[in-house]
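> Predicted model and sequence below, questions to follow.
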Number of protein chains: 2
Amino acid sequence: MADRFARRIPEPTVFRLPVYQRALLALSTDGVPTVSSAELAEAAGVNAAKVRKDLSHFGTYGTPGTGYDVNFLLGQIRREIGLDREWQVVIVGMGSLGHALARSQRFSTQNFRAVALFDIDPAKIGEETAGLPIRHLSELPAIVAGISRSIGVIATPACAAQDVCNRLVASGVRAMLNFAPAILTVPHSVQLRQVDFSVELQVLAFYIAHPEATAGPEDASRSGL
Amino acid sequence: MADRFARRIPEPTVFRLPVYQRALLALSTDGVPTVSSAELAEAAGVNAAKVRKDLSHFGTYGTPGTGYDVNFLLGQIRREIGLDREWQVVIVGMGSLGHALARSQRFSTQNFRAVALFDIDPAKIGEETAGLPIRHLSELPAIVAGISRSIGVIATPACAAQDVCNRLVASGVRAMLNFAPAILTVPHSVQLRQVDFSVELQVLAFYIAHPEATAGPEDASRSGL
């Protein structure tokens, strides 16, 4: 069923699913049985009409006067995102950022698990972080071959990022998160997302430099999304 | 002039300015005098029509057959973003991520400079990272009072993020980048952006789980934007 609906889901909705998921997880942990679209909207930092529209993409409608069943909706959204399965994360580039990512608890809480760490610096090979040994990049193909549902995380300097990206692709990795400040090219069969906080800093600078350009309270940036 | 045009600049264009800026900086460093919209588009991972439309918001049009003057356009975009001035970054939360951010060279290359680091762990106070001492959070107001054009970076656990955010706001910080996986509320006078790689991982998982939902080659995610 998920696949039948997915084609019509706009990208901004896809980006809000993790936010709904986080809000619902908190409600579920607190034992809250139902949630209105207004409450879910507040927790997610969007408006209630957007919540109803987003969830309607999955054929999910709340009960008038009661709202949505928290655990049912949480399960549905987690299945939609693919969080009902474990994703195995391989991190390439074990500088400060790579170490921070390896130690991050955010992977584990969402069914993403760091399973292998790589670098090319001989001084780092064999070192342990977060219970995992740092391996030489040349071992990447053999390690990735034994992994299903792998996600590659690139935390190298910009100059090395495309080469690492190519090696991940050649090893069969079909999803990548790039933290290097470089624009990477991948085949169409590969999913690539970029996390670049330098871009976010520049966007902040732009809006401080141009206070009149700031969007209204409905804009997602107001609530940090 | 920048302010006169800013009102009309759509948010996606604002997000592409740092990418154009990076591409132009590389061309300028290589001594390339002019660039066509097609070349700039390729470097930025968007299409040429989008480049021309984006730049037209600033009243900038390339010369037919020649393209854009690299250094002129670079200077214009850097002024638009506000990169012709120095931004002083204060980082709160000196765990692995805070350390990685403090050591990051991306701040300095773009006129963002980490100037103060804060934590509440007595074991960390006084420690030095990237040439800066880690100070107790209670010192935040006094330090921030001496800073103009400050940007606050929140790298604390989720549970502490809103409190830290409130302290930054109370100290007069008007721009914040939040790395904690928490939705924060700020007054309308404050700019807040969120960097959450767990959301990016979930978006990746969604698109791998739904390969038919993948957008076409024009979609920005193809080139990692």
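Looks like it arrived, so ask away.

> Can you tell me what sits against the helix ranked longest in chain A?
Once chain A is assigned using DSSP state H, the helix that runs over the most residues is helix A:11-29. Contacts to helix A:11-29, defined as C-beta atoms under 8 Å, 6 or more residues apart in numbering or on different chains, come from residues A:35, A:40, A:43-46, A:50-51, A:53-55, A:57, A:70-71, A:73-74, A:77-78, A:80-81, A:83, A:225, B:181, B:183, B:196, B:198-199, B:202-203, B:206-207, B:213, B:215, B:219, B:221. Just so you know, the C-beta spots here come from the backbone N, C-alpha and C atoms, and that holds for glycine as well.

> Then stretch A:131-150?
Outside stretch A:131-150, the residues that reach it (C-beta under 8 Å, 6+ apart) are A:85-90, A:92, A:94, A:102, A:114-120, A:124-128, A:164, A:167-168, A:170-175, B:208.

> Which positions in that stretch come out as buried?
A:L132, A:I134, A:R135, A:L137, A:L140, A:I143, A:V144, A:I147, A:R149, A:S150 (16 or more other C-beta atoms under 10 Å in any protein chain shown).

> would you put the C-alpha positions of it in PDB?
The C-alpha coordinates for stretch A:131-150 follow below in PDB (Å, rounded to 0.1, in the frame of the first residue of the first chain):
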ATOM      1  CA  GLY A 131      32.900   0.100  19.700                       C
ATOM      2  CA  LEU A 132      33.900  -0.100  16.100                       C
ATOM      3  CA  PRO A 133      37.400  -0.300  14.600                       C
ATOM      4  CA  ILE A 134      38.500   2.300  12.000                       C
ATOM      5  CA  ARG A 135      39.300   0.300   8.800                       C
ATOM      6  CA  HIS A 136      41.200   1.300   5.700                       C
ATOM      7  CA  LEU A 137      39.100   2.500   2.900                       C
ATOM      8  CA  SER A 138      40.400  -0.300   0.700                       C
ATOM      9  CA  GLU A 139      38.300  -2.700   2.800                       C
ATOM     10  CA  LEU A 140      35.100  -0.900   1.900                       C
ATOM     11  CA  PRO A 141      33.900  -3.200  -0.900                       C
ATOM     12  CA  ALA A 142      34.300  -6.300   1.100                       C
ATOM     13  CA  ILE A 143      32.600  -4.900   4.200                       C
ATOM     14  CA  VAL A 144      29.700  -3.300   2.200                       C
ATOM     15  CA  ALA A 145      29.200  -6.600   0.300                       C
ATOM     16  CA  GLY A 146      28.000  -8.100   3.600                       C
ATOM     17  CA  ILE A 147      25.500  -5.400   4.400                       C
ATOM     18  CA  SER A 148      21.900  -5.000   3.300                       C
ATOM     19  CA  ARG A 149      20.200  -1.600   3.400                       C
ATOM     20  CA  SER A 150      23.400   0.300   3.700                       C
END
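
> Give the rounded mean pLDDT of that stretch.
Here stretch A:131-150 scores 94 as its mean pLDDT.

> Thought A:D121 was touching A:G93, still the case?
No: counting by C-beta atoms under 8 Å, A:G93 stays clear of A:D121, with 9.7 Å between them.

> Give me the more crowded residue out of these two.
Set A:G93 next to A:D121 and count neighbours by other C-beta atoms under 10 Å in any protein chain shown: A:G93 wins out with 24 against 13.

> still on that earlier bit, can you tell me which of the contacts of stretch A:131-150 are classed as buried?
Among the contacts of stretch A:131-150, those buried by neighbour count (16+ other C-beta under 10 Å) are A:87-90, A:92, A:94, A:102, A:114-119, A:124-125, A:164, A:167-168, A:171, A:173-175, B:208.
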